[in-house]
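Enquirer: Compute the structure for the input listed below.
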Amino acid sequence: MRTMLFVCLTAVCLVWAQAVPVVGAWEGQKDGRKAVTLEVREREGILGGRVVIYIVHDDGDGSKDGAALDPMPMKGTTWDGKVLRFEAGVARWEFKVTGADRGELTVIAPEHTEIQAMRRRR
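Expert: Got it, this is the predicted structure:
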């Protein structure tokens, strides 16, 4: 009986110790340039982090420049085991892992919705 209890408690501890798959630094590119960085961290079981958007615009001569906006902290973060939902800036966001070191970030802004492919930054 004690052995069975020990095995069950060990299994529960291992499940709790597993990292949440969305934790880490993720980057998305547009037209070959960095467009967004998503940093997700976990502290005491609570997910948080920030989003950095990079402005990629045409300078009028066809060249593109990318300057980072101020980081936007995640607010109202929820994780259902598949999708990370949060608010940052004036938009709602959803992030899900789609494969090994790959994910998909959806921004649901008041004026549009956009999906950005993401890769885990190493």
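
Enquirer: And the helices in this protein?
Expert: Counting by DSSP state H, the segments of the chain that form helices are 2-17.

Enquirer: Please pull out the lowest mean pLDDT helix or strand from it.
Expert: Lowest on mean pLDDT, DSSP states H and E among the helices and strands of the chain sits helix 2-17, with a mean of 41.

Enquirer: what helices or strands is the longest strand anywhere in the chain leaning on?
Expert: Looking across the chain with DSSP state E, the single longest strand is strand 46-58. With contacts taken as 3 or more C-beta pairs under 8 Å, 6 or more residues apart in numbering; DSSP states H and E, strand 46-58 sits against strand 33-43, strand 64-68, strand 72-73, strand 75-79, strand 84-88. Quick note: C-beta positions are derived from backbone N, CA and C, even for glycine.

Enquirer: Mind listing what's buried along it?
Expert: Residues Leu47, Gly49, Arg50, Val51, Val52, Ile53, Tyr54, Val56 are the ones in strand 46-58 that count as buried (16 or more other C-beta atoms under 10 Å).

Enquirer: Same question for stretch 68-85.
Expert: The neighbour-count check on stretch 68-85 (16+ other C-beta under 10 Å) flags Met72, Met74, Thr77, Trp79, Leu84, Arg85 as buried.

Enquirer: for the residues you listed, which one is nearest Leu105?
Expert: Nearest to Leu105, judged by C-beta to C-beta, of these is Leu84 at 9.3 Å.

Enquirer: quick one: pLDDT of that closest one?
Expert: On pLDDT, Leu84 comes in at 97.

Enquirer: That one is in contact with Glu104, isn't it?
Expert: No. Using C-beta atoms under 8 Å, Leu84 is not in contact with Glu104, being 10.9 Å away.

Enquirer: any common contacting residues for the two?
Expert: Listed contacts common to Leu84 and Glu104 are Phe95, Lys96; contacts here mean C-beta atoms under 8 Å, 6 or more residues apart in numbering.

Enquirer: Count the neighbours of the residue nearest to Thr77 when sequence neighbours are not counted for me.
Expert: Leaving aside its sequence neighbours, Thr77 sits nearest to Phe86 (C-beta to C-beta, 6 or more residues apart in numbering; 4.3 Å). Phe86 has 24 neighbouring residues, counting by other C-beta atoms under 10 Å.
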